[in-house]
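**Student:** Sequence below, structure please.
(2 chains)
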2 protein chains.
Amino acid sequence: MNMQELIKPLIQKNESKIVMIVLDGVGGLPNASGRTELETADTPNLDALARGSACGLHIPVAHGITPGSGPGHLGIFGYDPIKCQIGRGILEALGLGMEVRKTDVAVRCNYATIKEGVVTDRRAGRIPTEQSKKLTEKLQKEIKKIDDAELIFAPGMEHRFAVLMRFPDNLASDADMINDTDPQREGKAPVPPAALSKNAGRVSKIAEKLISKVQAILKNEEKANFILTRGFSNMPRIPNFDEAFGLNALAIATYPMYRGLARLVGMDTPALEGSVEDEITFLKQQYNEYDFFFLHVKKVDSYGEDGNFEGKAARIEEFDKLLPQILNLKPDVFVITGDHSTPAIMKGHSWHPVPVLIKSPYVLGGICNAFSERECVKGELGIFPALNIMPLALAHAGRLKKFGA
Amino acid sequence: MNMQELIKPLIQKNESKIVMIVLDGVGGLPNASGRTELETADTPNLDALARGSACGLHIPVAHGITPGSGPGHLGIFGYDPIKCQIGRGILEALGLGMEVRKTDVAVRCNYATIKEGVVTDRRAGRIPTEQSKKLTEKLQKEIKKIDDAELIFAPGMEHRFAVLMRFPDNLASDADMINDTDPQREGKAPVPPAALSKNAGRVSKIAEKLISKVQAILKNEEKANFILTRGFSNMPRIPNFDEAFGLNALAIATYPMYRGLARLVGMDTPALEGSVEDEITFLKQQYNEYDFFFLHVKKVDSYGEDGNFEGKAARIEEFDKLLPQILNLKPDVFVITGDHSTPAIMKGHSWHPVPVLIKSPYVLGGICNAFSERECVKGELGIFPALNIMPLALAHAGRLKKFGA
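**Tutor:** Here you go, the predicted model:
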């Protein structure tokens, strides 16, 4: 029995509020100073909070597995990131801010150059974003529907864009059984978007028509006269967050990708721009309207990805200064964690367990002196799968009945 | 492969003795003093033992899951509490001290008031226990057998009682596929005990006859003129403790429920009354007769449930004073733990990991300075599923062979 099946009959509703802050990529490693980013940052508020909280480290996917943003978030949202995988097309569409629906099939696309039937440039010379945007608008204008699917285009950076096929029903399944058409090497012919399963046939036919229509429209372009399509995918079939956990949830995030991930599990995801302080202001405004709040702090990860150790520490300090504003709301359960580690010395995501803190009246506390990797190792939560954060949060909120008598 | 399947081919017998003390609900949380019940209690013997033992915390069922007494005990007895769920009828019968057999079907019953076909009081005005006892004796006298099932009645508190249907074979299965007859609301007709599966038909027929016979017998009662039946259940089909672990086991418990849980896994469960000291005296008397001893200390939980923090701490101190008597037996493996946490500040069971201590010659020790939640967090056993206590105990007892060559 998986976690969601186990807890489903135990869920009870009440008036409690759960706030979950995700400091994207917060986990780190020591640089030459011997201290990690969290240990370097001056964080008096986080450290005081950790002293009175249950602390530990979560493993996002499995030992040694470095998660992308998708699995990283799914785990902390309480969805098994191994069983519930998000197709690349869906993730691309979410990242471009597209509103993806349950009946959509999403595809990642590249503009490419083709000559005499072979691909001569898989990225169409990395055409400028501005030019790519114009081409994508042109495609949208000329291709609105193929068979029974509405076609929705969204431009990306340089040669990249995404397409949604919006079906009137949810029968266009098995989209991930369609071949990528990218031949992976220049000098080869594009691969046809063949269906590897019977159910994928409907989508495959539309993909074929799409590619030939696009080729006709772009035939006079010097570089971008063709497209390569990859990552055909359906929305994962997962229970809605409210259905799974009995929580009416709001996502507060300024980057489209993270709103998209939250929308995928069924949280409300109003568009939002601005700083972390703006996000907190929005949290305060919406505090009476929801049971559960996911607030995403992106920049911690961005500086980690850039290898900017001090920059990442500074972003953590910035959050620390704003923390009292959230504490003033007195949420019944307050969770602070990350979706994965992004050690600046590695300039990228990593597999390392991620510090997590749960504040409620029902903790031991008094064990960890700060919110950091090395302090959280000592904590009462131990090192545990990310998937278990949600049942713990629900238990602390009094939202899970007793199991058995 | 589950734990029992894994260890079964590895089990070897020897002369070792394993003593497992269950301090019911021992885990706690800090009150205003900042200390938990275990930290508050003066426990020099437990603390000295912890210093020389392997310590840790076990998770009874899963993260965030608050176990009832059934799942709590099954886990520490080495049975997966999620796969092996105990029906409500079975648990009620065990709690009333009934001897439940493998071929029995158990049912929780309420006396109720019915008028013109609708239930007007689901609890028959909570009739006094004494009156309910008399009615139950009357039912037993008049209903001894229905079809091929012997009927056994046991009175409970107020309007509650339990019935066993004792079959001559084990074919009366799927009892949990029978509807509760309680309509859940007054003013509605009782629900017939319909079989939701084919196999449940035999039990369903007997239930129908039982209800109509009872109605005839009680027809002149003012309040208790009907019964509502719930939680139809068979005994869980699980391997006997001896078969699973190669241990001839004795349960020492003064409360019927816990003897019942031990009997369910096949331990010997002689009736016993008295104090914890009486239980220890019984342990000494029986020490040569068994391989494994489960000794249950109930009152720690009772005071926790009442929210009596000092009372719970005092019960722990009381046990601490008696501990040397058990240590004098020099068991090869000595386990002290609880079946779940019952923090006095929560006045009930909780999901929090439970301190566990394993004393044998084969431990690191020297890590934890006391037997408490916060000291056990540091321990060499870490935070681990309750299910793994039994294989650890067997290993420390030299009762598990090497796996593979």
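
**Student:** do you know how far the most far-flung residue of chain A relative to its centre is from residue A:191?
**Tutor:** Here chain A reaches farthest from its C-alpha mean at residue A:116, the gap being 39.8 Å by Cα atoms, centre = their mean. Going from residue A:116 to residue A:191 by Cβ to Cβ, to the nearest Å gives 17 Å. For the C-beta atoms, the positions are set from N, CA and C on the backbone; glycine is no exception.

**Student:** One more: residue A:355?
**Tutor:** Applying Cβ to Cβ to residue A:355 and residue A:191 gives a distance of 44 Å.

**Student:** out of those two, which sits in the busier spot?
**Tutor:** residue A:355 (31 against 15; other Cβ atoms under 10 Å in any protein chain shown).

**Student:** Name every strand pairing with the helix or strand containing the more buried one and say which way it goes.
**Tutor:** Taking DSSP states H and E as the criterion, the element that holds residue A:355 is strand A:354-359. Sheet pairing of strand A:354-359 (DSSP bridges) gives strand A:54-59 (antiparallel), strand A:333-337 (antiparallel).

**Student:** I'd like to know the average pLDDT value across the first one.
**Tutor:** Going back to what we said before, that points to strand A:54-59. Averaged across strand A:54-59, pLDDT comes to 98.

**Student:** What residue in chain A comes nearest to chain B?
**Tutor:** Going by Cβ to the nearest Cβ, chain B is nearest to residue A:391 of chain A, at 3.2 Å.

**Student:** Dump the strands paired with strand A:354-359 to TSV, plus mean neighbour count.
**Tutor:** Shown next, in TSV, are those (neighbours: other Cβ atoms under 10 Å in any protein chain shown):
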stretch	mean neighbour count
strand A:54-59	25
strand A:333-337	24
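
**Student:** So residue A:112: helix, strand or coil?
**Tutor:** strand (DSSP: H, G, I helix; E, B strand; the rest coil).

**Student:** Next up, the contacts around it.
**Tutor:** A:119, A:121, A:122, A:123, A:124, A:159, A:182, A:190, A:224, A:226, A:227, A:228 (Cβ atoms under 8 Å, 6 or more residues apart in numbering or on different chains).

**Student:** if you set the cut-off to 10 Å instead, what comes out?
**Tutor:** A:119-125, A:159, A:181-183, A:186, A:190, A:218, A:223-228 (Cβ atoms under 10 Å, 6 or more residues apart in numbering or on different chains).

**Student:** what about the helices in the stretch 251-400 of chain A?
**Tutor:** A:256-264, A:276-286, A:299-305, A:309-327, A:373-376, A:389-396 (DSSP state H, counting those that start in this stretch).

**Student:** How far off centre is stretch A:64-71?
**Tutor:** 10 Å (Cα atoms, centre = their mean, to the nearest Å).

**Student:** Any chance you could list what contacts stretch A:209-219?
**Tutor:** Counting by Cβ under 10 Å, 6+ apart, A:107, A:109, A:111-112, A:114, A:124, A:135, A:138-139, A:141-143, A:146-147, A:149, A:151, A:153, A:163, A:165, A:181, A:190, A:192-193, A:224-229 sit against stretch A:209-219.

**Student:** give me that answer again for 6 Å
**Tutor:** Stretch A:209-219 is contacted from outside by A:142, A:143, A:146, A:225, A:226, A:227, using Cβ atoms under 6 Å, 6 or more residues apart in numbering or on different chains.

**Student:** Give me the distance from that stretch to the chain's centre.
**Tutor:** 32 Å.

**Student:** Just the CA trace of that stretch, in PDB.
**Tutor:** Provided in PDB are the C-alpha atoms of stretch A:209-219 (Å, rounded to 0.1, in the frame of the first residue of the first chain):
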ATOM      1  CA  LYS A 209       0.500  16.400 -40.000                       C
ATOM      2  CA  LEU A 210       1.900  19.100 -37.700                       C
ATOM      3  CA  ILE A 211       5.400  18.500 -39.000                       C
ATOM      4  CA  SER A 212       4.400  18.600 -42.600                       C
ATOM      5  CA  LYS A 213       2.300  21.700 -42.200                       C
ATOM      6  CA  VAL A 214       5.100  23.400 -40.400                       C
ATOM      7  CA  GLN A 215       7.600  22.500 -43.100                       C
ATOM      8  CA  ALA A 216       5.200  24.000 -45.700                       C
ATOM      9  CA  ILE A 217       4.900  27.200 -43.700                       C
ATOM     10  CA  LEU A 218       8.700  27.500 -43.000                       C
ATOM     11  CA  LYS A 219       9.900  26.400 -46.400                       C
END
